[in-house]
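Novice: heads up, no residue letters with this:
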């Protein structure tokens, strides 16, 4: 069965697939869409499809994961790591707040924090590195 999505609030969708519901947040930034699901942040960019459907498709971006950047304008609520700390894939490193929702930033892989570039209470902009990992 194909997944279905319904808008339930500003930027909040409930996506159902195979009888399982998922809460998904989405924020548009020009041609880009930031998607937040189960604590992970994904970036999609619109791409024109020339096939008969003629609808927009999305391509996942492949960011450099040595520097973890803010996905949108946000306030740093919590910094949960310090320089030199070892982290595992999926660990929450920083919590941001944007549009009245908390956005945990997770470690994309196992590694070590080499630099913390943000502090609690700071307003950060999209693309600005929050942390660096090795």
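Specialist: In hand now; what should we look at? Model, not experiment: these values are computed from the prediction. Numbering: from 1, shown residues only.
Novice: give me the sheet partners of the longest strand seen in the chain and which way each runs.
Specialist: Assignment by DSSP state E gives strand 20-29 as the longest strand of the chain. Strand 20-29 sits in its sheet next to strand 12-17 (antiparallel), strand 32-37 (antiparallel), going by DSSP bridges.
Novice: output those as JSON lines; include the columns mean pLDDT.
Specialist: Below are these laid out as JSON lines (pLDDT from 0 to 100):
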{"stretch": "strand 12-17", "mean pLDDT": "86"}
{"stretch": "strand 32-37", "mean pLDDT": "76"}
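Novice: among the ones you listed, show me which one is buried the most.
Specialist: strand 32-37 (a mean of 17; mean count of other C-beta atoms under 10 Å). For the C-beta atoms, the positions are set from N, CA and C on the backbone; glycine is no exception.
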